[in-house]
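Engineer: what's the 3D shape of this:
(one chain, ligands or ions: 1)
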Amino acid sequence: MKVIVVGSSHGGFETVRGILAEHPETEIQWYEKGDFLSFLSCGMQLYLEGVVKDVNSVSYATPEGMRAAGVHVFVEQEITKVDSAAHKVHVVNHADGSERDEDYDKLVLSVGAVPAVLPVEGHDLKNIYGMRGRDWAIKLKAKTVDPDVKNVVVIGAGYIGIEAAEVFAKAGKHVTVIDILPRLLNLYLDEEFTEILTDEMLGHDIYPATGQTVKRFEGHDGKVTNVITNQGEYPADLVIQAAGIKANTDFLKDVIELDDHGLIKIDDYLQTSEKDIYAVGDATLVPFAPTGQNNRVALATNARRQGRVAAKNIFGAKKIMPSVSGSSALSVFQYHFASTGVKAGTSDKLGIETKSILVQDTVQPKFVSMDDKNAKVWFKLTYAPSDGRVLGAQILSKRDVTANINVISLAIQQKLKVTDLAYADFFFQPGFDRPWNIINIAAQKAVAQLE
Ligand code: FAD
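Structural biologist: Residues are numbered from 1 along each chain as shown. Purely as a prediction, here's the structure:
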C-alpha cells in the first residue's frame, strides 16, 4: 500500500507515526511545503522567551530520523492538485522548480491553517506579522530585541494572542491587545477569571482594548505605525495578528467537499467526501463532547488523536474519532489556568443552557502557609440544569493545578453528571491538596443547587 501524507505538523506527524507503528511495511510519502519538517508552534513562546535557545529544536521529527525509519520525506515540496478519480497528486518541488505526479492508494491531508489576515486597509504594510510556524518564529524573535520596536499591538485575545502579548511584555515592550469580544480570553474563561488575569497583565504593561473592531492600519514609508479601531488609535511598531486562522484548502476546492469556512468535511471515520482521501487537524472539525455536534477546535491534541485514528482507518479499521472538549492550559505571568468544554463566553453561541458553581479555596489546607507554596485557587464547574450533566470547567491558581481539568474533560466525554463527581475518589495529601478535592466540592455544591 502506498500512502501519501500531506503536512508535517501534528496531524501529519501522528498519522505517519501511527502507520509506522502498525503497518511498517507501508510505502509512506510525507510532504511538507515549507523548508522545515514538523515545527511545533506550541513551543514558540518558549523559544521567543529564550527558554529554548535553538529554533530548530522546536520540532518532533527530523528528515534524517524519519528517513531512517523508512519514510520517504519530501521537504519544500507542495501538493498543488489532487485528482481523486485517478488517485494522483501533483507535486511542485520549490527547491529545484521541478514538477511531477505521484499516485496513491490512500491520501491523508493534514494541511492545517495560517493566521487569518484582517481584510482592512493597510493589511499589507510591513511589520504586520502572524504567530505560527518557524518562519514567523524567527521574524518575531528578531523583533523582541529590536530597539525600534517600542509599541506592539496584538490583534486577538485568545491563547495565541496572549502568548504573543506576554512574550513582548517580557521583552520590555508596551503591548496593547485588541479584540472584538468584551474580555481578554473571552472564549476560554469566564469573567471571574479574566478579571484576575487582566489585572495581572496590566501590571506587566499589557493593555486590553476589548470590545473594539479594527478598521484599518496606518503606515509611513510602507511600515505600520498605527492601528485604528472603531474606538481608538493605537501606535504600533509591530502588529501581531492572532485573530483566527484560515485553512490551507484552496487547492482542494473542486476536489473534496469544504464548508463555508473552507474546512474539509469529514465523516466520523475522518474520511472526506472522496473515497481513499482522509483529513485531520486544524483544517477539519472535531466532534465536540458537550454538544455532540462537530465544532472547530484548533488544537494539537485533536490533530494528534485524529492522526492516530486516520492511520488505523486507512487500513480498513472502523474507528470513530472520539469526542473532545477543547481542553487547553496556559500560564499568564504568575498564574496558570486551564479550561475545558462550555463557558459563559461560548454557551450562547452553542445554544446550550448552563448553570455554574464557582468555588474559591486554597490549594492546600489552611494550616499550610501561603508563603510555603500554598495558594488561592478558583474553580468553576458548568453543568446542564436539566439533568446535572457536566459540560465544562475552568481553574486558575498561582500553583499549577491545571491537570484537574483533564478529569473534567473525561467526565464530559463520558457524559458524567455532577452527582458522579460529588463523591468521586480523589487522593488527599496535605502536601498537594485538601481532603475534598476542589472538583468534589464544586460538584457537591452543584448537586445542592439541583435539589
Ligand atoms: P498545521 O500545524 O497548520 O500544519 C500544516 C502543515 O502542512 C504546515 O507545515 C504546512 O506548511 C503544510 N502544508 C499545508 N498545505 C500543504 C501542501 N499543499 N503541501 C505540502 N505541505 C502543506 N495546540 C495545543 O494543543 N496546545 C498548545 O499549547 C498549542 N499552542 C499553540 C501555540 C501557537 C503559537 C499556535 C500557532 C498554535 C498552538 N496550538 C496548540 C495549536 C496547534 O499548533 C495546531 O492545532 C496544530 O499545529 C494543527 O496541526 P495540523 O497538522 O492541523 O496543521
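
Engineer: What about the residue of the stretch 251-400 of the chain found nearest the ligand, how many residues nearby?
Structural biologist: The minimum distance from the stretch 251-400 of the chain to the ligand, using CB to the nearest ligand atom, falls at residue 281 (2.1 Å). Using the backbone N, CA and C atoms, a C-beta is placed for each residue, glycine as well. For residue 281, the neighbour count with other CB atoms under 10 Å is 31.

Engineer: try residue 355
Structural biologist: 16.

Engineer: Next up, the contacts around it.
Structural biologist: 382-385, 446, 449 (CB atoms under 8 Å, 6 or more residues apart in numbering).

Engineer: Repeat the analysis, applying 6 Å as the threshold.
Structural biologist: By CB atoms under 6 Å, 6 or more residues apart in numbering, residue 355 lies in contact with residue 385.

Engineer: Tell me the spacing between it and residue 225.
Structural biologist: 48 Å (CB to CB, to the nearest Å).

Engineer: And the residue of the stretch 51-200 of the chain that's closest to the ligand?
Structural biologist: Counting by CB to the nearest ligand atom, the stretch 51-200 of the chain gets nearest the ligand through residue 112, at 1.9 Å.

Engineer: Can you pull the phi/psi pair for that residue?
Structural biologist: phi 60, psi -140 (degrees, to the nearest 10).

Engineer: Spit out the contact partners of it.
Structural biologist: Contacts of residue 112 (CB under 6 Å, 6+ apart): 7, 9, 248, 281-283.

Engineer: same check, this time on residue 171
Structural biologist: residue 144.

Engineer: List the residues that contact residue 401.
Structural biologist: 363, 377 are the contacts of residue 401 under CB under 6 Å, 6+ apart.

Engineer: Check what pLDDT the residue of the stretch 251-400 of the chain closest to the ligand gets.
Structural biologist: Here, the pLDDT recorded for residue 281 equals 98.

Engineer: ok, and the closest non-adjacent residue to it?
Structural biologist: residue 11 (3.2 Å; CB to CB, 6 or more residues apart in numbering).

Engineer: what's the answer for residue 430, then?
Structural biologist: Going by CB to CB, 6+ apart, residue 430 has residue 365 as its nearest residue, at 5.3 Å.

Engineer: Please report phi then psi for the one you found.
Structural biologist: According to degrees, to the nearest 10, residue 365 has phi -60, psi 160.

Engineer: Spatially central residue for the protein, please.
Structural biologist: residue 299 (3.4 Å; CA atoms, centre = their mean).

Engineer: neighbours of the residue lying closest to that one once chain neighbours are set aside, just the number please.
Structural biologist: Closest residue in space to residue 299, ignoring its immediate chain neighbours: residue 328 at 6.3 Å, by CB to CB, 6+ apart. Using other CB under 10 Å, residue 328 is surrounded by 18 other residues.

Engineer: For residue 293, see how far away residue 328 is.
Structural biologist: Taking CB to CB, one finds residue 328 at 19 Å from residue 293.

Engineer: and what of residue 425?
Structural biologist: Applying CB to CB, the value for residue 425 to residue 293 is 32 Å.

Engineer: So for the two, which sits in the more crowded spot?
Structural biologist: More neighbours surround residue 293 than the other of residue 425 and residue 293, with 12 against 6 (other CB under 10 Å).

Engineer: in the stretch 251-400 of the chain, which spans are helices?
Structural biologist: Ranges of helices within the stretch 251-400 of the chain are 300-313, 344-350, based on DSSP state H, counting those that start in this stretch.

Engineer: Single out the most deeply packed of those.
Structural biologist: helix 300-313 (a mean of 23; mean count of other CB atoms under 10 Å).

Engineer: So which residues make contact with that helix?
Structural biologist: So helix 300-313 is contacted by 10-11, 14-15, 18-19, 42, 108, 269-270, 278, 280-281, 286, 319, 321, 324 (CB under 6 Å, 6+ apart).

Engineer: Show me which of those residues are buried.
Structural biologist: Those of the contacts of helix 300-313 that meet the buried threshold are 10-11, 14-15, 18-19, 108, 269-270, 278, 280-281, 286, 321, 324, by 16 or more other CB atoms under 10 Å.

Engineer: Show the subsequent helix or strand relative to whatever helix or strand residue 216 lives in.
Structural biologist: In the assignment (DSSP states H and E), residue 216 maps to strand 214-220. Later in the chain than strand 214-220, the nearest helix or strand by DSSP H and E is strand 223-229.

Engineer: is any part of stretch 139-155 close to the ligand?
Structural biologist: No. Applying CB under 6 Å from any ligand atom, one finds stretch 139-155 out of contact with the ligand, separated by at least 9.7 Å.

Engineer: measure that stretch end to end?
Structural biologist: Using CA to CA, to the nearest Å, the end-to-end distance of stretch 139-155 comes to 17 Å.

Engineer: May I have the helix-or-strand element of the chain with minimal mean pLDDT as PDB, with CA atoms only?
Structural biologist: The helix or strand of the chain with the poorest confidence is helix 344-350; it has a mean of 89 (mean pLDDT, DSSP states H and E). Extracted in PDB, the C-alpha atoms of helix 344-350 (Å, rounded to 0.1, in the frame of the first residue of the first chain):
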ATOM      1  CA  ALA A 344     -20.300  31.600  29.600                       C
ATOM      2  CA  GLY A 345     -18.500  33.000  26.600                       C
ATOM      3  CA  THR A 346     -19.500  30.100  24.500                       C
ATOM      4  CA  SER A 347     -22.800  28.700  25.800                       C
ATOM      5  CA  ASP A 348     -25.000  31.100  23.900                       C
ATOM      6  CA  LYS A 349     -23.200  30.500  20.600                       C
ATOM      7  CA  LEU A 350     -23.600  26.800  21.200                       C
END
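
Engineer: Check which helices and strands it sits against.
Structural biologist: Packing partners of helix 344-350 (3 or more CB pairs under 6 Å, 6 or more residues apart in numbering; DSSP states H and E): none among the helices and strands.

Engineer: Not counting that helix itself, show me its contacts.
Structural biologist: 186-187, 190, 291, 354.
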